[in-house]
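J.: Sequence and predicted structure below; questions after.
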Amino acid sequence: MKKLFFLFSVVSLVFLGQYIFSKKQAVAQMSCPSQTTYGDTWATLVGEIQDNGGDPNITAWFEWGTSSFSLSNRTPDQALYVPNPPQRFCTTISGLQPCTTYYYRAASRNSGGTNYGAIYSFRTTCNLNLQVSCYASPNPANIGQTVVFTANVSGGTGSYSYSWSGACSGFSSTCSRSFSSAGTYTATVTVTSGNQTQSASCSVTINQPVRPPVVITLPPVTTL
């Protein structure tokens with residue numbers, strides 16, 4: 001009788017463990033989107049184990065990159081137990097460039113070998129507002145001293161073209177020149193990124209040169 005009770009207890013624990021593990025697997029699968037989703041600088045890649053190949057102990061990952069011929073990035077391995085496929089798995093990647101096409105595929109292996117899913121692509125969104133400002137350094141400056149105008153840019157697609165006008169001209173993120181007379185000088189930078197264009201202006205004050213003081217010698221008092 002005791003032996004039968006012990007056997008019943010072991011069987012119950014096994015079924016309870018399988019139930020708890022299966023429930024955890026279901027929760028993990030439900031936490032993944034039904035398809036790959038993405039934004040401006042991130043993406044959640046989603047794959048699915050459709051057949052465990054006879055070995056439910058599976059390692060899964062994703063390979064991705066900006067070329068379908070070179071998926072040079074790989075996500076960390078995920079250890080999965082898939083007794084009852086299908087089962088989804090997912091990984092979120094970040095630090096992506098807006099308005100950029102990325103390619104990816106799911107991969108998995110077990111004791112029978114490695115298999116790969118089809119390669120798909122997505123294009124990150126481009127809804128970041130372009131923001132532009134600039135500053136001059138040094139400011140104030142002296143006549144003949146080199147002044148550097150610098151553009152600060154964020155948003156857009158992450159790729160920018162520049163055009164300076166006014167007190168400085170050029171086509172890079174900085175613009176340098178010196179001034180031969182005192183006054184206040186203003187440069188304007190126009191930045192284009194994708195279909196967005198923004199401008200900003202910044203000024204520098206050029207000081208009058210410092211001259212030696214004027215001194216005279218006074219004659220002595222005239223006496224008769």
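T.: The structure has been received and is ready for your questions.

J.: what's the neighbour count on the residue nearest to residue 51 when sequence neighbours are not counted?
T.: Across the structure, with CB to CB, 6 or more residues apart in numbering as the measure, the residue nearest residue 51 apart from its sequence neighbours is residue 85 (5.7 Å). No exception for glycine: its C-beta is placed from N, CA and C like everyone else's. Applying other CB atoms under 10 Å, we find 13 residues neighbouring residue 85.

J.: give the contact list for residue 85.
T.: With contacts defined as CB atoms under 8 Å, 6 or more residues apart in numbering, the neighbours of residue 85 are 49-52.

J.: from these, which is closest to residue 217?
T.: Distance to residue 217 across the contacts of residue 85 (CB to CB) is lowest for residue 49, with 100.2 Å.

J.: Look up the residues forming beta bridges with that closest one.
T.: Beta-bridge partners recorded for residue 49 (DSSP bridges): residue 87.

J.: do the one 10 residues further on as well
T.: Judged by DSSP bridges, the bridge partners of residue 59 are residue 79, residue 109.

J.: what does the one 4 residues further on give?
T.: Beta-bridge pairing of residue 63, defined through DSSP bridges, involves residue 74, residue 105.

J.: If you rank every helix and strand of the protein by mean pLDDT, what lands last?
T.: In the chain, the helix or strand scored least confidently by mean pLDDT, DSSP states H and E is helix 2-30, which has a mean of 43.

J.: can you list the domains in the protein?
T.: Per automatic domain parsing, the domain ranges recorded for the chain read 28-123, 131-207.

J.: Need these in a markdown table (columns: distance to residue 221).
T.: Compiled in a markdown table, the domains of the chain are given as follows (distance: least, CB to CB, whole Å):
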| stretch | distance to residue 221 |
| --- | --- |
| domain 28-123 | 83 |
| domain 131-207 | 41 |
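
J.: how far away is the residue nearest the centre of the chain from residue 175?
T.: Note on the chain: the residue nearest the mean C-alpha position is residue 95, at 3.2 Å, using CA atoms, centre = their mean. Separation of residue 95 from residue 175 (CB to CB, to the nearest Å): 30 Å.

J.: try residue 73
T.: Distance, residue 73 to residue 175, using CB to CB: 37 Å.

J.: Settle it for me: which of those two has more neighbours?
T.: For residue 73 versus residue 175, the count of surrounding residues by other CB under 10 Å is larger for residue 175: 24 against 13.

J.: check which helix or strand covers that one.
T.: With secondary structure defined by DSSP states H and E, residue 175 is part of strand 174-177.

J.: Now do that strand: distance to the chain's middle.
T.: The chain centre lies 28 Å from the centre of strand 174-177; the measure is CA atoms, centre = their mean, to the nearest Å.

J.: Please save the CA atoms from that strand in CSV.
T.: In CSV, the C-alpha atoms belonging to strand 174-177 read as follows (Å, rounded to 0.1, in the frame of the first residue of the first chain):
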residue,chain,number,x,y,z
THR,A,174,31.1,73.2,-39.1
CYS,A,175,32.1,76.4,-40.8
SER,A,176,35.3,78.5,-40.0
ARG,A,177,36.3,82.1,-40.8
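
J.: Okay, now the sheet partners of it, with direction.
T.: Partner strands for strand 174-177, per DSSP bridges, with pairing direction: strand 147-154 (antiparallel).

J.: Buried residues of the strand it pairs with, list them for me.
T.: For strand 147-154, the buried set under the neighbour-count rule, 16 or more other CB atoms under 10 Å, comprises 147-149, 151, 153.

J.: mean confidence for whichever helix or strand comes after it?
T.: Helices and strands here follow DSSP H and E; after strand 147-154, the next one along the chain is strand 161-166. The predicted model gives strand 161-166 an average pLDDT of 97.
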